[in-house]
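*Asks:* Okay, here's the prediction I keep looking at, along with the sequence it came from:
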Amino acid sequence: MASRDPVADLRRIAFLLERANEATYRVRAFRSAAATVAKTPHDELVARAGAGTLAKLSGVGEVTARCVTESLAGEEPVYLRRLVGTEGADLPAEAAALRAALRGDCHVHSDWSDGGSPIEEMALAAADLGHEYFVLTDHSPRLTVARGLTADRLRKQLDHVARLNEALPDGFRILTGIEVDILEDGRLDQEDELLARLDVVVGSVHSKLRDDAAKMTRRMVTAIANPHLDVLGHMTGRKVSATGPGDAAHSRARTRPPSDFDLEKVLAACLEHGKAIEINSRPDRLDPPKRMLTVAVEAGCVFTVDTDAHAPGQLDWLGFGCERAALCGVPVDRVVNTWTAERLLKWTASHA
């Protein structure tokens with residue numbers, strides 16, 4: 001029987017574990033093993049598999065060694081087969097229709113800030129999922145805990161993305177962007193000249209989330225009025241218990257109530273300035289809450305459905321956001337990442 005590709009199998013397992021929101025250490029074990037196997041000559045892998053010494057390679061453990069051995073023998077690894085066999089149920093019809101209509105993702109992180117994978121790895125995973133684009137939105141300088149990009153690092157990233165786009169598969173492109181911090185006075189945490197160069201700007205509140213309603217409302221409305229901002233990210237800042245089995249216990253310890261603000265004034269600002277509200281698909285966010293999302297739909301707002309992905313497998317979390325959008329009656333034509341990249345860029349340019 002012909003050998004399978006053990007690197008591809010290990011990476012597929014890591015992808016499925018990420019998508020299932022399993023514990024990070026499990027994902028890391030398979031990605032580390034894949035990196036080691038990719039650097040090891042095929043003949044050496046075969047010899048080690050026969051001798052039972054694969055686990056002596058750095059980054060390869062007993063479980064990952066078994067997967068490599070099965071893959072080299074031409075068998076689908078049992079671990080992979082079990083993951084595929086336990087994948088979730090299909091989306092309800094309306095959510096599935098929205099998911100099928102999405103052309104890209106407007107909120108994606110890489111290892112340039114607090115993501116776990118290189119930009120090119122994220123891009124190839126997105127292309128494999130059928131995306132036409134994603135917006136690279138690494139953090140801004142103020143969020144030091146997330147290795148936010150200084151102006152100089154962001155300029156270097158823009159050059160890097162330009163080079164990557166020349167080498168990526170036809171039909172897929174990386175759009176430049178940022179998840180910029182909304183500062184306490186409503187200013188955006190990056191130089192105006194750089195924000196003007198970016199394709200899409202997502203603005204989010206990451207600090208002083210317990211400010212009183214009046215202050216938080218002024219802060220958000222000021223940011224929404226800024227011509228550089230296109231999307232209001234995870235608008236309440238809440239954290240909820242993760243739905244995945246691996247991180248649920250940790251997530252419960254990190255739960256956070258939504259910020260307090262005047263929803264009607266924030267929605268009115270979004271409508272006045274033509275800005276989108278993000279439907280954040282992360283299982284530990286699912287932001288905004290359904291009651292707020294329903295009000296935003298009734299008000300006539302436009303939306304993005306985004307993953308806020310920090311790893312390749314998380315790029316397939318769009319279904320969570322689509323389910324919430326469908327439940328709250330979000331019209332497909334009011335979700336801006338169902339649009340082509342050209343239409344999306346024309347829309348963001350209209351804010352300048």
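*Replies:* Nice, I can see it. Numbering: from 1, shown residues only.

*Asks:* quick one: the helices in the stretch 51-200 of the chain?
*Replies:* 62-72, 78-85, 93-101, 119-128, 151-167, 192-197 (DSSP state H, counting those that start in this stretch).

*Asks:* ok, residues contacting the fourth one?
*Replies:* To tie it back to what came earlier, the one meant is helix 119-128. 15, 104-105, 108, 110-112, 115, 134, 136, 157, 160-161, 164, 168-169, 171-172, 174, 309, 312-313, 315 (CB atoms under 8 Å, 6 or more residues apart in numbering). C-betas here are computed from N, CA, C, even on glycine.

*Asks:* do the longest one as well
*Replies:* Counting contacts by CB under 8 Å, 6+ apart, the residues outside helix 151-167 that touch it are 112, 119-120, 123, 136, 138, 141, 149, 173-174, 176, 178, 190-191, 194, 197.

*Asks:* cutoff 10 Å now
*Replies:* 110, 112-113, 118-120, 123, 133, 136, 138, 140-141, 147-150, 168, 172-178, 190-191, 193-195, 197-199 (CB atoms under 10 Å, 6 or more residues apart in numbering).

*Asks:* Doesn't A223 belong to a helix?
*Replies:* Yes - under DSSP: H, G, I helix; E, B strand; the rest coil, A223 falls within a helix.

*Asks:* Can you get me a residue count around it?
*Replies:* If you count neighbours by other CB atoms under 10 Å, A223 ends up with 25.

*Asks:* just checking, it touches V231?
*Replies:* No - here A223 does not reach V231: they are 11.0 Å apart, not a contact under CB atoms under 10 Å.

*Asks:* Give the intersection of the neighbour lists for the two.
*Replies:* 203-204, 275.

*Asks:* In this protein, where's the longest strand?
*Replies:* Counting residues, the longest strand found in the chain (DSSP state E) is strand 173-181.

*Asks:* For the helices of the stretch 51-200 of the chain, which has the smallest mean pLDDT value?
*Replies:* Mean pLDDT is lowest for helix 78-85 among these, at a mean of 88.

*Asks:* Determine how far that helix lies from the middle of the whole chain.
*Replies:* 24 Å (CA atoms, centre = their mean, to the nearest Å).

*Asks:* Contacts for that helix, please.
*Replies:* 4, 8-10, 12-13, 15-17, 19-20, 22, 30, 63-64, 66-67, 70-71, 75-77.

*Asks:* For stretch 261-279, buried residues please.
*Replies:* 261, 263, 265-267, 269-270, 275-279 (16 or more other CB atoms under 10 Å).

*Asks:* Stretch 33-53 too?
*Replies:* Applying 16+ other CB under 10 Å to stretch 33-53 flags 33-37, 40, 45, 48-49 as buried.

*Asks:* Identify the residues contacting the closest residue to G116 other than its chain neighbours.
*Replies:* Nearest residue to G116, sequence neighbours excluded (CB to CB, 6 or more residues apart in numbering): A311, at 4.7 Å. Shown in contact with A311 (CB under 10 Å, 6+ apart): 14-15, 17-19, 24, 27-28, 31, 109-111, 115-117, 121-122, 125.

*Asks:* Return the members of the residues you listed classed as buried.
*Replies:* 14-15, 17-19, 24, 27, 31, 109-111, 115-117, 121-122, 125.

*Asks:* Check for me that H206 belongs to a strand.
*Replies:* No - the assignment for H206 (three-state DSSP) gives coil, which keeps it out of a strand.

*Asks:* count of residues packed around it?
*Replies:* Neighbours around H206, by other CB under 10 Å: 20.

*Asks:* thought it was touching K239?
*Replies:* No - under the criterion of CB under 10 Å, H206 makes no contact with K239, lying 11.9 Å away.

*Asks:* any low-confidence regions in this structure?
*Replies:* Scanning the chain for pLDDT under 70 picks out 1, 87-89, 242-253.

*Asks:* So it: which segments form each domain?
*Replies:* 6-85, 93-349 (automatic domain parsing).

*Asks:* now the end-to-end length of the last one.
*Replies:* Using CA to CA, to the nearest Å, the gap from the first to the last residue of domain 93-349 comes to 33 Å.

*Asks:* Just the CA trace of the longest strand of the chain, in CSV.
*Replies:* What follows is strand 173-181, C-alpha atoms only, in CSV (Å, rounded to 0.1, in the frame of the first residue of the first chain):
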residue,chain,number,x,y,z
ARG,A,173,-5.4,37.1,-1.4
ILE,A,174,-4.4,38.5,1.9
LEU,A,175,-6.0,41.9,2.6
THR,A,176,-4.0,44.2,4.9
GLY,A,177,-5.5,45.3,8.1
ILE,A,178,-5.2,45.7,11.9
GLU,A,179,-7.2,45.1,15.0
VAL,A,180,-6.5,48.5,16.5
ASP,A,181,-7.1,49.3,20.1
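
*Asks:* This completes my enquiry, with thanks.
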